[in-house]
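Asker: Dropping the sequence and predicted coords here.
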Amino acid sequence: MAEEIAKAEEKSAKKESWFKRVGLTTWILVALVLGIGAGILFQVTDTVDIANRYIAPLGTIFLNLVKLIVVPLVIFSLVAGIISLSDIKKVSIIGGKTIAFYLCTTAVAVTLGVVFAMLLNVGMGYELPAEEFTYEAKTADPIDTLIGIFPSNIIAPLANATMLQIIVIALLFGFGMVALGKKVKPVADFCNSMNDVCIKVMQWIIAIAPIGVFGLIAPVIAKYGADVLLPLLWVIVVAYLVMILHTVVTYSAMIKIFSKMSLLKFFKNQLPAFGLAFASASSVGTLPVNMECNAKMGVSKEVTSFVLPLGATINMDGTAIYQGVCAIFLAQILGIDLTIGQILTIVLTAVVASIGTAGVPGSGMIMLAMVLESCGIPIAAIGLIYGVDRIFDMMRTAVNVTGDAACAVCVDASEIRRAEKAAAKKAA
Ligand code: ASP
């Protein structure tokens, strides 16, 4: 029997087109390389307009489709997850572990950013431009951010894809269904079926991700010439180095400590989400792909559907690193000597600022104002790095989504252990 199944599988694998056999990960990487190559070509031939007019729409169409599916996907997968958990205690334990993981890794991230920015003398070689730099900051009030978690109506959060509010709605309605049990079975069945439909549609959209990645990356690369990049090269290199270090060392350590998953399995399956996040600079836009990657790693649906949407909104390790590195960079080039107290303030505010950062392009830079303000660096100095924000944003988003995925792996493993212990105790 097993032999027959193996033969049938081999036959169907042979039938699969070469296109499918290459696999999504490889196609996304190919698209990334081709997109960067095409971007350089547009840049050197001075045809950026062509990239913006004819290539960028491919990326925009893809991201529009992702945005279309992300809201129903999060709502129904979260509700389906809660129905299957049917236990408020379990959700609060998962929630507690998730938030603890997110806070700890973000604190490590910003500390690494600050320490390496100082060790590598991040402001080295930069010459302040003669002209006045300007940047008008809009800082967010933390109390308003807290109030903003609780929606006053159902439609607005869905229309604006406001993830935290959507999570609150899904939790309330999910637990409402659990409380009423059999009485509302048709509604629960509907949510479960809609969850399946959303996953199917999402898989179709993900299948065209390589085209989207190409359309997103080529115009961005075309836009940045050496004249814009070179003066800021060292700060970009330092930020990228710390982000790579955090991804490889911190996340690997967490996965090794809390789960049995091999690092190869984690990073290999995470590549499509990493590539798409890099190209799109949006955690929320990468959410469906990140959920799919997590599912491929074998992480349970209940954990994925809760941990990843929450992470796309509040867990931003790449952003925290960027904020730490840039705060030190701006202080150095403006000749501001930071005290230990000010450096600690940077670490603390960067953790808070990264939580308040929305998972869309550019929001980490807006929140940088809060970090600078906390330690007396003029906010207008953001104007100096404003022009290359997208280059920072690509990598920080890739790190942000990888941090979410690593957290899901660890929380899932610890939940399995907890369930095994409870079962053993019951049996004894
Ligand atoms: N673009 C980032 C994200 O979506 C947020 C940021 O601007 O740092 O995760």
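Answerer: It's in.
Asker: rest of the way, CA atoms for contacts and neighbours
Answerer: Fine.
Asker: Can you show me the helices along the stretch 301-428 of the chain?
Answerer: Under the criterion DSSP state H, counting those that start in this stretch, helices of the stretch 301-428 of the chain are mapped to 301-314, 317-333, 340-356, 363-374, 389-427.
Asker: Hmm, Met316 is touching Gly356, no?
Answerer: No - using CA atoms under 8 Å, Met316 makes no contact with Gly356, being 9.1 Å away.
Asker: The two: which has the busier surroundings?
Answerer: Met316 (36 against 21; other CA atoms under 10 Å).
Asker: how close does the residue lying closest to the more buried one once chain neighbours are set aside sit to Leu372?
Answerer: Nearest residue to Met316 in three dimensions, chain neighbours excluded: Asn400, at 4.7 Å (CA to CA, 6 or more residues apart in numbering). Per CA to CA, to the nearest Å, Asn400 is found 21 Å from Leu372.
Asker: Give me the more crowded residue out of those two.
Answerer: Applying other CA under 10 Å to Asn400 and Leu372 shows that Asn400 carries more neighbours, namely 30 against 26.
Asker: Give me the below-cutoff pLDDT ranges for this protein.
Answerer: Along the chain, segments meeting pLDDT under 70 span 1-16, 18-19, 86-87, 130-142.
Asker: Return the residues of it in contact with the ligand.
Answerer: 281-283, 319, 358-365, 393, 397, 400 (CA under 6 Å from any ligand atom).
Asker: Check which residues of stretch 333-342 are buried.
Answerer: Neighbour counts over stretch 333-342 (16 or more other CA atoms under 10 Å) mark Ile333, Leu338 as buried.
Asker: again, but for stretch 382-395
Answerer: Ile382, Leu384, Ile385, Asp389, Arg390, Ile391, Phe392, Asp393, Met394, Met395.
Asker: Hmm, Ala109 and Gly318 touching each other?
Answerer: Yes - applying CA under 8 Å as the test, Gly318 and Ala109 come out as touching, 7.3 Å apart.
Asker: Arg417 and the ligand, how far apart?
Answerer: Relative to the ligand, Arg417 is positioned 30 Å away (CA to the nearest ligand atom, to the nearest Å).
Asker: What is the neighbour count of that residue?
Answerer: 14.
Asker: Can you give me the separation between it and Gly81?
Answerer: Arg417 sits 19 Å away from Gly81, going by CA to CA.
Asker: same deal with Arg53?
Answerer: 42 Å.
Asker: before we move on, what about Val201?
Answerer: Taken as CA to CA, the span from Val201 to Gly81 is 19 Å.
Asker: ok, Ala408 - contacts?
Answerer: Taking CA atoms under 8 Å, 6 or more residues apart in numbering, we find Ala408 in contact with Thr98, Asn294, Val299, Val303, Thr304, Val307, Leu308.
Asker: Test my guess that the second one contacts Gln270.
Answerer: Yes - between Asn294 and Gln270 there is a contact at 7.4 Å, judged by CA under 8 Å.
Asker: okay, and the common contacts of these two?
Answerer: Counting by CA under 8 Å, 6+ apart, the shared contacts of Asn294 and Gln270 are Ala405.
Asker: for the buried residues of stretch 382-395, which one is nearest the ligand?
Answerer: Asp393 (5.4 Å; CA to the nearest ligand atom).
Asker: now the closest one, nearest residue through space, not along the chain?
Answerer: Using CA to CA, 6+ apart, the nearest residue to Asp393 is Ala281, at 5.7 Å.
Asker: Throw the contacts of Ala408 into JSON lines and include neighbour count, thanks.
Answerer: JSON lines is the format used below for the contacts of Ala408 (neighbours: other CA atoms under 10 Å):
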{"residue": "Thr98", "neighbour count": "23"}
{"residue": "Asn294", "neighbour count": "26"}
{"residue": "Val299", "neighbour count": "20"}
{"residue": "Val303", "neighbour count": "25"}
{"residue": "Thr304", "neighbour count": "28"}
{"residue": "Val307", "neighbour count": "27"}
{"residue": "Leu308", "neighbour count": "28"}
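Asker: Quickly check the residues you listed for the two that are furthest apart.
Answerer: Greatest spatial distance in the contacts of Ala408: Thr98 and Asn294, 15.2 Å, computed using CA to CA.
Asker: Including distance to Phe150, could the buried residues of stretch 382-395 go into CSV?
Answerer: Converted to CSV, the buried residues of stretch 382-395 look like this (distance: CA to CA, whole Å):
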residue, distance to Phe150
Ile382, 31
Leu384, 36
Ile385, 34
Asp389, 31
Arg390, 31
Ile391, 33
Phe392, 31
Asp393, 28
Met394, 30
Met395, 31
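Asker: Let me know the closest of the residues you listed to Ile149.
Answerer: Using CA to CA, the buried residues of stretch 382-395 come closest to Ile149 at Asp393, 24.4 Å.
Asker: show me the contacts for that closest one.
Answerer: Phe278, Ala281, Thr319, Pro361, Gly362, Gly364.
Asker: gap between it and Ser283?
Answerer: With the distance defined as CA to CA, Asp393 ends up 10 Å from Ser283.
Asker: sorry, back to before: any residues in contact with both of Gly318 and Ala109?
Answerer: In contact with both Gly318 and Ala109: Met243, using CA under 8 Å, 6+ apart.
Asker: of the two, who's got more company?
Answerer: More crowded of Gly318 and Ala109, by other CA under 10 Å: Gly318, with 34 against 28.
Asker: Next, the buried residues of stretch 272-286.
Answerer: 272-286.
Asker: which non-adjacent residue is nearest Thr349?
Answerer: Closest to Thr349 by CA to CA, 6+ apart is Val371, at 5.5 Å.
Asker: tell me the contacts of Ala38?
Answerer: Per CA under 8 Å, 6+ apart, neighbours of Ala38: Ala218, Ala222.
Asker: Please repeat the previous calculation with a cut-off of 6 Å.
Answerer: Ala218 (CA atoms under 6 Å, 6 or more residues apart in numbering).
Asker: now it, what's its secondary structure?
Answerer: helix (DSSP: H, G, I helix; E, B strand; the rest coil).
Asker: next one: Lys256
Answerer: Strictly by three-state DSSP, Lys256 counts as helix.
Asker: same question, Phe150
Answerer: Following three-state DSSP, we place Phe150 in the coil state.
Asker: who's in contact with it?
Answerer: Gln165.
Asker: which phi and psi does it have?
Answerer: For Phe150, the backbone dihedrals (degrees, to the nearest 10) come out as phi -100, psi 110.
Asker: ditto for Tyr126
Answerer: Residue torsions, per degrees, to the nearest 10, at Tyr126 are phi -90, psi 130.
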